[in-house]
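[1] please work out how this folds:
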Amino acid sequence: MSHSNFSPQALALSQQLSQKIQATIQQQGLISFQTYMNMVLYDHQFGYYSNGHYKLGELGDFMTAPELSSLFSRCIAIQMAQVCSKLSKPDILELGAGSGKMAKDILLQLQQAQQLPQQYLILEPSRFLQDCQKKLLQQALPDYYDHIIWLNRLPKNFRGMMIANEVLDALPVQLFCYQNQRLYEVMVAYDESEQQFAYDYQAADAKLSQFVQQWQSQQPFLAEGYQSEAHTLIPAWLNSLANCLEQGGILLIDYGYLAHEYYHPQRYMGSLICHSQHQANDKPFFLPGLQDISSFVNFSLVIEVGKQAGLDCVGYDSQANFLLNCGITELLANYDPNDVVNYLILSHQVKKLILPSEMGEKFKVVGFAKGIELDWLGFQD
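    Residues are numbered from 1 along each chain as shown. Predicted structure coming up:
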């Protein structure tokens, strides 16, 4: 990775964000990694998702499934249609809609099946991304566009389907480590001599200690030097969804593991990962605001919190099984194999979505329901 890969304008944005983070550290002494990650990703002026640098697809820093293939979102739409068929006047709510491509492909599939929702709601904190979404969706769905609503907070008494694809991994995490038989929180300092951010450590508080002990008691994993992530924002985030859902379902799709794999003794360096120009790295202090920072998801926590919030967990499976159950191979079969180039492109996309060596096993899908009884297509054995 090199500074030369970025424009002077981008480097200037990163410098301004760095100065803002430095000022926060000067005021507070140390900041948690969670605070640092939140500022890097979500600062309304200079953050990664707000400053205009963030792009998806080939020209961006990483590739998501909706950007890779419209077949992914069409499968999601098929699952949504099944759930929504049990409701009167259902809506769809997408959390963090990225470029808007997923919304576009979901709506085009539902339009084709004559199952468009009453409204398609998008909760997107980034004004920059909102503008991208509006431009794409107005062009793709001019007749339905007035039914697409951008929100700045969760709706009340929501009835329908919620979808969050690669949102959980971007929730800022706390970092912890185990040294000298003590649990520490990994903090962020600014090294004046090196002119860069650096890790520092302080004793973990009661809340973080309790969070880590919850998983340590189920499967001991702490050993000298062990470091990992605590997803302490997931409970409040998922509870907020459960509270606003009156009737319907929630689909969460992300990369992650169940707790026995996530907090495994061999995964002693955690799962924090950064992406810049389609290259992964482990340097979260490199050019703040110009690269993505994320963490694999502890799906045991997600499932547990959902149940405690009064949701029914209707299924948890790999992305591969979910897409196959929703009929991705049948969707592919509808295309003309004699159109060789197009068919080969689509076949390659399907392979990337479902092969274990690609996205098929790395990504997981969890479904929750409230107030409906239904065997979801995506989670059938």
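[2] what helix or strand is the residue of the chain most remote from its centre located in?
    Residue farthest from the centre of the chain, counting by C-alpha atoms, centre = their mean, is N338 at 36.9 Å. For N338, there is no host helix or strand (DSSP states H and E).
[3] direction included, what does the longest strand anywhere in the chain pair against?
    Across the chain, the longest stretch assigned as strand under DSSP state E is strand 245-257. If you go by DSSP bridges, strand 245-257 pairs up with strand 158-165 (parallel), strand 297-298 (parallel), strand 363-370 (antiparallel).
[4] mind putting those strands in CSV, mean neighbour count and distance to S73 included?
    (Glycine included, C-beta is placed from N, CA and C.) Supplementary listing: the strands paired with strand 245-257 in CSV, determined by neighbours: other C-beta atoms under 10 Å; distance: least, C-beta to C-beta, whole Å:
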stretch, mean neighbour count, distance to S73
strand 158-165, 23, 9
strand 297-298, 26, 20
strand 363-370, 23, 13
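[5] export those to JSON lines and tack on mean pLDDT?
    Below are the strands paired with strand 245-257 laid out as JSON lines (pLDDT from 0 to 100):
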{"stretch": "strand 158-165", "mean pLDDT": "98"}
{"stretch": "strand 297-298", "mean pLDDT": "98"}
{"stretch": "strand 363-370", "mean pLDDT": "98"}
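[6] so which of the ones you listed is nearest Q82?
    Proximity to Q82 (C-beta to C-beta) singles out strand 158-165 among the strands paired with strand 245-257, at 9.6 Å.
[7] give me the buried positions along the helix or strand that the closest one is followed by.
    Sequence order places strand 174-179 as the next helix or strand after strand 158-165, per DSSP H and E. Within strand 174-179, the residues scored as buried using 16 or more other C-beta atoms under 10 Å are Q174, L175, F176, C177, Y178.
[8] need the contact list for the residue nearest to the fourth one when sequence neighbours are not counted.
    Once flanking residues are discounted, C177 sits nearest to Q227: 4.1 Å by C-beta to C-beta, 6 or more residues apart in numbering. For Q227, the contact set (C-beta atoms under 8 Å, 6 or more residues apart in numbering) comprises L175, F176, C177, Y178, V186, Y268, M269, G270.
[9] could you report the pLDDT at Q227?
    What the model reports as pLDDT for Q227 is 97.
[10] quick check: it vs Q291, distance?
    According to C-beta to C-beta, to the nearest Å, Q227 stands 20 Å off from Q291.
[11] just S209 next, same as before
    From S209 to Q291 the distance is 31 Å (C-beta to C-beta).
[12] so these two - more neighbours on which side?
    Neighbours per residue, other C-beta atoms under 10 Å: of S209 and Q291, the larger number sits with Q291, 26 against 17.
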